[in-house]
Structure formats: C-alpha cells, structure tokens
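Participant: prediction below, plus the sequence it came from.
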Amino acid sequence: MPYSLEKVIRPNILQLQPYRCARDDYDKGILLDANENAYGPSLLEQREGDLHRYPDPYHVQVKKSFIKLRQLPSVQHVFLGVGSDEVIDLLMRIACVPAKDKIMITPPTYGMYSVCAHINDVQVVKTPLIVENGAYQLDTEKVLEDLKANPEVKLVFLCSPGNPTGTCLSHASIRQVLESDYEGIVVVDEAYVDFVDKEEGSVAQWVDQYPNLVVMQTLSKSFGLAGIRMGIAVGHPDLIQILNNTKAPYNIGTPSAQIAQEALSEQGVARMMDYRQRLIQQRGHVINSLKSVQGIGRILGGNDANFILVEILDKDNKKTCNIRAEKIYKYMAESLNVVVRFRGKEYGCEGCLRITIGTEEENKQMMAKLQESLTVF
C-alpha cells in the first residue's frame, strides 16, 4: 500500500490555501505590486542585489546548486528554512495537534527538539540510545516498542551524527524504523554529516524510497555559515510542498541566499572540502593528544563530527566526575578564555565535556588550558 501523508499531516494544514505573494506571479518589469520602496534601501553604500525588493520565495538557484552537490533528483525535493530550527518547528506545526500528539527523541540528543515541542504544546516520548561503552546507537527494538505504545507519535527525530554524541547512527537501524509499520515522519538530522570520514554518511538519497523520511542539513557547520541561518530539508516532493505552503512567504532573505549560492558554487564547495579535511585532521590530533593527559578518561562515540565528547575523571583517575568536569568547564571559560561545553547532565554523558575542533593554534591553546585546569581541580 502506498504511503499516505493524510495519515500524519493535520487536516487544517492539508486544506491550507497558502499566501500568494507578489513574487509568485511576476518578478521583472516596473514592479509596482508589492508596496516596496521604489527609491531603494536607506544604506550609505549600495550593495549587490535589489534589497528594496522582496526576495524570491523559493530561491530555486540555491536549490539547484544544493541538489547538484548532494546528487538529489530535483529542486522539488528541497526546502530552505531559517536554520534547521525553522524546519523542526514547521514539521511539528504541520504534523502535531497541540495537547494531543507527540514526538519521539532518542537521548542524548539535540535539545531544540524538546524545546520546540514544549513551545508547540507537544508531548515528548524519550527512548534513550544504547550508551554503554560510548556506543550511542539506536535501541531499535525499544524504539519500535515505544512507537506501538504511543500511536500519537507523529515525528521521530534521529540525530546522525548525534549532538552531543558525535556518532553516526547505523544505516541498518534507521532502515529498520523506516521499514516498520510506523506511519509517522522519520526526521534524520544530518547537521554534521560532512565530517563523517567513513562509508556510512548521508541518507538524503533515500527520500524517494521512503516518502515518510525527512533529512535535515545545514550550511552552519561544514560550510562555516552559521551567521546566515540556512537550514535545509530534503524529502518527498509532496511533503516539501506542504512545508512551502506553511512557511512565511519570504523566510530566506536576499543576502543569505546570495551567500549560500556563493558557498554552493564549485569554488565554494572546494573550499568547504579543504576546511573539512583540515578539521578532520585536527580532530585526530586532538584525540591523540588527549589520550596521554592525566585526568582524561575515554573519548566517547564515533568521532564523526567537528567536535569530540571526552570524559573527565576524578582526582584518583578512577571514575568519571561531573563535579570536576563542571568546575573545569567554568574555570576555562571564566579564567582562561577558552570555552568548551559541559554535557555531564545529558543521559549517558556523565563527566563529559564537548570540545569543538578549532584551528591548529586554537587546539594547542585548548590543550594547554585544559591541562592547566586539571592541575587546579
């Protein structure tokens, strides 16, 4: 039986007549249809692009560059959002009835899923990852069991590589969820996928095979463009159309689109790949350096992102210690001007610091300050 979106999308969203904006009809000529300022922007210097005009509602050229990079079938498979956070929010709004429906997350995971659920008055079912020995993999049997016990779950969020785990979920486990009798939407968050240095990377090319799959990516991480807030959803064209119907008419501004287009050009992608390789190399150096530091425990997870998750041990070097880890985190930030992230309160991350991989010089300074902190506490 073919998959039916009607089973998961809210009826009012399916019936929605989207706002038709001026640029949907015409975008050339003497444009006197959108109440724009004909004299132009009130800037001291003129900048590239017609900033006094409303932007393209869909930014087709950006999407064409993206599908070329990711080898996707068409622009109809791609949605652009204001960061992945807008994609997360829109998916909840189109699928989840407030105070009735639920989402599923797999802790430890990205915190915005739960925050967005709370804002939308959507309940959260938590099915933890298998965390023993830093595995951070899906407990697929428990996931499917919890989905059967909670038929109100409309969205399952799977973060791969995970945050804060830095670990790719096995493709077999993701397929197991997609090929089960679950009728909701499976969202795979691939914000860090370009830092995966092994065969199992993106599942974005699966979207035609699995019409209930949405893959989220972003230009914030590997492309180094966190400041333009460009999130991307890849999915079946029918589902992408619903997202386009629901979004704000001009959600992506012209400057952000221009920068994204430049980053996705042949030269931009080449530069991204160069930076990616440098960060992967630096990741290996940091991991090797940490292994010989007294007071450092295991480097957990698969190390598939541009950060690592590392245990801080107690003074006797016998077991992980949340108190010491948090003290070191605060001391480094407040006294030594090096900011990492304390993650010890997350499930399966006791005593852990999450350390983003920096430049070679930044990593050297981080290592020196971390070792200094370990002698203080």
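Facilitator: Nice, thanks for sending it over. Small disclaimer: the values here were computed from a predicted structure and weren't measured.

Participant: show me where the stretch 101-250 of the chain has helices.
Facilitator: 112-119, 140-149, 171-178, 237-246 (DSSP state H, counting those that start in this stretch).

Participant: nearest to residue 50, of the ones you listed?
Facilitator: Of all the helices of the stretch 101-250 of the chain, helix 237-246 sits nearest to residue 50, with 22.4 Å by CB to CB. Bear in mind the C-beta positions are built from the backbone N, C-alpha and C, glycine included.

Participant: just checking, next helix/strand downstream of the helix or strand of the chain with the lowest mean pLDDT?
Facilitator: Least confident helix or strand, the chain: helix 11-14 with a mean of 95, by mean pLDDT, DSSP states H and E. The C-terminal neighbour of helix 11-14 among helices and strands, as given by DSSP states H and E, is helix 60-70.

Participant: which of the residues in that following helix are buried?
Facilitator: 62, 63, 65, 66, 67, 70 (16 or more other CB atoms under 10 Å).

Participant: can you redo these as CSV with distance to residue 274 and pLDDT?
Facilitator: What follows is those, written out as CSV (distance: CB to CB, whole Å; pLDDT from 0 to 100):
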residue, distance to residue 274, pLDDT
62, 22, 98
63, 24, 98
65, 18, 98
66, 19, 98
67, 22, 98
70, 19, 97
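
Participant: distance to residue 28 added to those residues, as a markdown table?
Facilitator: Formatted as a markdown table, those follow (distance: CB to CB, whole Å):
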| residue | distance to residue 28 |
| --- | --- |
| 62 | 19 |
| 63 | 20 |
| 65 | 22 |
| 66 | 25 |
| 67 | 25 |
| 70 | 30 |
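
Participant: how about the residue positioned nearest the centre of the chain: what's its closest non-neighbour residue?
Facilitator: Central residue of the chain (CA atoms, centre = their mean): residue 191, 3.6 Å from the mean position. Leaving aside its chain neighbours, residue 191 sits nearest to residue 218 (4.9 Å; criterion: CB to CB, 6 or more residues apart in numbering).

Participant: so what's the one you found bridging to?
Facilitator: Beta bridges link residue 218 to residue 231 when assigned by DSSP bridges.

Participant: hmm, who's touching the longest helix anywhere in the chain?
Facilitator: For the chain, the longest helix by residue count, based on DSSP state H, is helix 266-290. Identification of contacts with helix 266-290 by CB atoms under 8 Å, 6 or more residues apart in numbering yields 69, 194-195, 197, 222-224, 262-263, 296, 299, 303, 306, 308, 310, 355, 357-360, 363, 366-367.

Participant: give me the angle between that helix and helix 60-70.
Facilitator: 50 degrees (axes from the mean of the first three to the mean of the last three CA atoms, to 10 degrees).

Participant: next, the angle helix 266-290 makes with the next helix or strand after helix 266-290.
Facilitator: Per DSSP H and E, the first helix or strand lying C-terminal to helix 266-290 is strand 296-300. Interaxial angle of strand 296-300 relative to helix 266-290 (the same axes, to 10 degrees): 140 degrees.

Participant: tell me which other helices or strands strand 296-300 touches.
Facilitator: Using 3 or more CB pairs under 8 Å, 6 or more residues apart in numbering; DSSP states H and E as the contact test, the elements touching strand 296-300 are helix 266-290, strand 307-312.

Participant: now it: mean pLDDT?
Facilitator: Mean pLDDT, strand 296-300: 97.
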